[in-house]
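Q: what follows is a predicted structure for the sequence shown.
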Amino acid sequence: METVHATAAVRTRVTIPLTFPDGYATTAEAVTFRGLADGQEHLALVLGHPAPGTAPLVRLHSECLTGDVFGSARCDCGPQLREAVERISERGGVLLYLRQEGRGIGLYNKLDAYALQDGGLDTYEANAALGLPEDGRDYTAAAQMLEALGTGAFELLTNNPDKARQLRDLGADVTATVPTGVFATDSNVRYLSAKVERTGHTIALAGLAAA
Ligand SMILES: Nc1nc2c(ncn2[C@@H]2O[C@H](COP(=O)(O)OP(=O)(O)OP(=O)(O)O)[C@@H](O)[C@H]2O)c(=O)[nH]1
Ligand SMILES: [Zn+2]
């Protein structure tokens, strides 16, 4: 499919050994870029090596400071990130760490939205009540990064149909989606349910109710 965005270029590639608190360890090639559409410092981690004839696995992870760094149980971002690193390392592929905190509204606005959720609004209603988009994420930079890396056809690790839809519209060759794990807790079950009901995430609601 034809590319419908400007091209970006690799700026730097550097090796980073990754170690997780549970003992899991792997090695990433961290890649930075020039010319990304939104001017943000998005990062690619190239992990593992796909076997010949096997499509790489790609994950678009949106930044979540509270979940990724501090282990917040209000969402499932931390466990999803940990899972993605291991699954992509095993299969071979790319993890894009996208600076799209709070589905694109930023950290302070996300915490304002959390405060509204504590008053009864769901995760999307809270963004709207702040006069902000329910999901402001645009994946043009992600498509540019994959193209600059020469990724070619790939499978996308996600439960979010909008990610695959946007990438395909941007000319990326998404051959299949692979579901991420569901990491339900008492604290995030309402958040996960809203994603299923409002934006069609492919998460089994029955599994959530039982969680
Ligand atoms: N505004 C807002 N953002 C949130 C909330 N909870 C989590 N986020 C953000 O949502 C994003 C989560 O992104 P992803 O892990 O890509 O999740 P997803 O879009 O549901 O898609 P998949 O995990 O791929 O299925 C991160 O940027 C979080 O900071 C919330 O209650 N409000
Ligand atoms: Zn999160």
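A: Sure, I can see it. Numbering: from 1, shown residues only. Ligands and ions are numbered 1, 2, ... in the order given.

Q: list the buried residues for whatever helix or strand Ser89 lives in?
A: Assessed by DSSP states H and E, Ser89 sits inside helix 77-91. Neighbour counts over helix 77-91 (16 or more other C-beta atoms under 10 Å) mark 77-85, 87-89, 91 as buried. C-betas here are computed from N, CA, C, even on glycine.

Q: now do the closest residue to Gly152 other than its chain neighbours against Thr123, distance only.
A: Once flanking residues are discounted, Gly152 sits nearest to Asp173: 6.5 Å by C-beta to C-beta, 6 or more residues apart in numbering. Remark: distance between Asp173 and Thr123 (C-beta to C-beta, to the nearest Å) = 31 Å.

Q: neighbour count winner among those two?
A: A direct count of neighbours by other C-beta atoms under 10 Å for Asp173 and Thr123 places Thr123 higher, at 26 against 13.

Q: torsion angles phi and psi at that one?
A: phi -60, psi -30 (degrees, to the nearest 10).

Q: work out for me the element Glu134 sits within.
A: Going by DSSP H and E, Glu134 is not part of any helix or strand.

Q: who are the packing partners of the helix holding Ser89?
A: strand 25-34, strand 43-47, strand 57-62, strand 93-98, strand 154-157 (3 or more C-beta pairs under 8 Å, 6 or more residues apart in numbering; DSSP states H and E).

Q: give me the residues contacting stretch 84-100.
A: 18, 20, 24, 26, 28, 40-51, 54, 56-63, 136-137, 139, 141-142, 145-146, 149, 151, 154-155, 157, 180 (C-beta atoms under 8 Å, 6 or more residues apart in numbering).

Q: report the contact partners of the closest residue to Tyr191 other than its chain neighbours.
A: With C-beta to C-beta, 6+ apart as the criterion, Tyr191 has its nearest non-adjacent residue at 5.3 Å, and that residue is Thr123. By C-beta under 8 Å, 6+ apart, Thr123 lies in contact with Ala113, Gln117, Tyr191, Ala194, Lys195.

Q: do that again at 7 Å, thanks
A: Gln117, Tyr191, Ala194 (C-beta atoms under 7 Å, 6 or more residues apart in numbering).
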